[in-house]
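Asks: give me a model of this one.
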Amino acid sequence: GYPQTHLMWRRIAPRLARRHTLVCPDLRGYGDSGKPAGGERHANYSKRTMALDALAVMRSLGFERFRVLAHDRGARVAHRLGVDYAERIERMVLLDIAPTLTMYRGTNEAFARSYWHWFFLAQPYDLPERLLAARARAEAERAPEPLAEAGVPVVGTSPAAIDSAEDRGEFGKVLEKAELPAPAYGTATSFEEARDVASRIGYPVLVRPSYVLGGRGMEIVYDEPSLEDYISRATEITDDHPVLVDRFLDSAIEIDVDALCDGEEVFLAGVMEHIEEAGVHSGDSSCALPPMTLGPEDIDKVRESTRRLAEGIGVKGLMNVQFALKDDILYVIEANPRASRTVPFVSKATGVPLAKAAARIMMGSTIAELREEGLIPSAYDGGSLPLDHPIAVKEAVLPFERFRRPDGSLLDTLLSPEMKSTGEVMGLATNFGAVYAKGEIAAFAVPPTEGTIFVSVANRDKRAMVFPVKRLADLGFDLYATSGTADVLR
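Replies: Numbers count the residues shown, from 1 in each chain. This next block holds a predicted model:
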């Protein structure tokens, strides 16, 4: 396993051993022979050999019956034990198995469903007592459905509630009932249909395939020729997987929200304001917590909209919502009833252990009880942090300098709705300038203090670029520009 995994199991294993519990950690790097596999970081390992070794250890300790606790791919060993020695196992607990074992096979819904069916429904041992589906992403979110259909209680947000947020039509009904605005949209399976949708809702539009991760294949289209070009390159358009066409909110402020809901009450865990405008994927965008330019009325809108969404979807645990603020109207972009990539950042920035709180809620605790215990604050939430609270900035780590095209040329460094980052860093300080600089330095993008800046913007953006470029000139930077942009600056 990774070093942090080893440390975790070294702390936990002695306590578990006293309770006759067999531990199957997340083992990596072993071939089918049970020996280290050279150069294969995520190779298979001999499940039967390890299961037999584990069984021998437990019997040498005098345990004829035992419990099994397995993590990640250690679940493979646990599965082997469950098949061959079911009569010896009192109880089996499997941690964090769905995301990994589905994602390593390409992360598609068909495999996710067949995996769950194989692991539980087609085996001789009993069905799980409870299923906590907390971390799976996108297509894999529907993996627990076969177990729920077989009668296994799904802890936390139900599969039906997850579907109401993931299915475009069902989510539209949730928004309509909650009286929350969203950008106009439509679906298309041909250029003619896409053109009709774009004409109805107005350019610019955001076009993307159905069921994507990381914004794959998303583009912002400003006119009909560009739309036709996109449709001609979209090779996987079918009636079941149409192209989605959304009205793009140009020059909007994007807001990311993480929240907890216990079915009755909603706790706003964190409100993050994206520093880049809407249109840059949230995984590539830097953001500030608490938000720097949102007023109290904006935060109140965010809090109320988040509450309505959580109640309308039926969330029990964590939820992530993305909003866009334009012309004082707060639009809902999407809602995900699960943990998002921002949870670790928000937890560190606010000091609230969100994953632990969410797990407690999913197992039956209420937000009021967690407040009484001191696990989450009672005097404020993520939208009303004290004025002296440190400012945190999340910045994306982009791989442009590390990767090149086959011909040796550099990659396109323009950010877009399609995610390009390979990691994230965090800065923390008492003022925004310092914390943003910390984030840039940590992301290997040290802000320059001198040099030459090239400026070229479209006509629609020329008015907005004048004052930022003048500020750079006042700081001593030399400017180069294309002819049209230079004329405006002169």
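Asks: quick one: low-confidence parts of the protein?
Replies: Regions of the chain meeting the criterion pLDDT under 70 cover residues 1-51, 71-73, 75-76, 94-148, 150, 152, 210-216, 234-236, 238, 240.
Asks: switch to 50 and redo it
Replies: Counting by pLDDT under 50, the chain contains low-confidence residues at 1-2, 28-45, 99-114, 136, 138-140, 214.
Asks: residue at max distance from the center of it?
Replies: G62 (44.7 Å; C-alpha atoms, centre = their mean).
Asks: so that residue is in which element?
Replies: Using DSSP states H and E, G62 maps to neither a helix nor a strand.
Asks: where's it relative to L55, distance?
Replies: G62 sits 13 Å away from L55, going by C-beta to C-beta, to the nearest Å. Glycine gets a C-beta too; all of them are placed from N, C-alpha and C.
Asks: now swap in K348 and tell me
Replies: Using C-beta to C-beta, K348 is found at 41 Å from L55.
Asks: quick one, longest strand in this protein?
Replies: Ranked by number of residues, the top strand in the chain under DSSP state E is strand 266-277.
Asks: what packs against that strand?
Replies: If you count contacts as 3 or more C-beta pairs under 8 Å, 6 or more residues apart in numbering; DSSP states H and E, strand 266-277 packs onto strand 253-261, strand 287-289, helix 296-313, helix 343-350.
Asks: and R208, which of the ones you listed is closest to it?
Replies: Closest of the helices and strands packed on strand 266-277 to R208 is strand 253-261, at 16.0 Å (criterion: C-beta to C-beta).
Asks: quick one, that closest one and strand 266-277 angle?
Replies: Relative orientation of strand 253-261 versus strand 266-277 (axes from the mean of the first three to the mean of the last three C-alpha atoms, to 10 degrees): 160 degrees.
Asks: name the strands paired with strand 253-261 and say parallel or antiparallel.
Replies: Here strand 253-261 has these sheet partners by DSSP bridges: strand 266-277 (antiparallel), strand 317-326 (antiparallel).
Asks: in a markdown table, list the ones you listed along with distance to G186 and mean neighbour count.
Replies: Below are the strands paired with strand 253-261 laid out as a markdown table (distance: least, C-beta to C-beta, whole Å; neighbours: other C-beta atoms under 10 Å):
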| stretch | distance to G186 | mean neighbour count |
| --- | --- | --- |
| strand 266-277 | 23 | 23 |
| strand 317-326 | 18 | 23 |
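Asks: mind putting those into CSV with distance to H79?
Replies: Listed next are these as CSV, based on distance: least, C-beta to C-beta, whole Å:
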stretch, distance to H79
strand 266-277, 35
strand 317-326, 26
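Asks: to T430, which of those lies closest?
Replies: Closest approach to T430 among the strands paired with strand 253-261 (C-beta to C-beta): strand 266-277, 17.5 Å.
Asks: thinking again about what came up before, for D167, which of the strands paired with strand 253-261 is the nearest?
Replies: Closest of the strands paired with strand 253-261 to D167 is strand 317-326, at 16.2 Å (criterion: C-beta to C-beta).
Asks: so L289 bridges to which residues?
Replies: Counting by DSSP bridges, L289 forms beta bridges with A392.
Asks: let me see the contact set for it.
Replies: With contacts defined as C-beta atoms under 8 Å, 6 or more residues apart in numbering, the neighbours of L289 are 270-273, 345-346, 349-350, 382, 391-394.
Asks: one more time with 7 Å, if that's ok
Replies: 270-272, 346, 349, 392 (C-beta atoms under 7 Å, 6 or more residues apart in numbering).
Asks: closest to A359 among these?
Replies: V346 (15.7 Å).
Asks: all helices for the stretch 151-300 of the chain, in order.
Replies: Remark: helices assigned in the stretch 151-300 of the chain by DSSP state H, counting those that start in this stretch are 159-166, 168-178, 191-201, 224-233, 296-313.
Asks: so how far is the first one off the chain centroid?
Replies: Right, helix 159-166. On the basis of C-alpha atoms, centre = their mean, to the nearest Å, helix 159-166 is displaced by 16 Å from the centre of the chain it belongs to.
Asks: packing partners for that helix?
Replies: Contact here means 3 or more C-beta pairs under 7 Å, 6 or more residues apart in numbering; DSSP states H and E; on that basis helix 159-166 packs against helix 168-178, helix 296-313.
Asks: of those, flag the one that's most buried.
Replies: Stretch with highest mean neighbour count among these: helix 296-313 (a mean of 19; mean count of other C-beta atoms under 10 Å).
Asks: show me what that helix is in contact with.
Replies: With C-beta under 7 Å, 6+ apart as the test, helix 296-313 has contacts from 161, 164-165, 174, 177-178, 180, 255, 257, 259, 261, 266, 268, 271, 319, 321, 323, 325, 330, 332, 335, 337, 383.
Asks: good, wrapping up.
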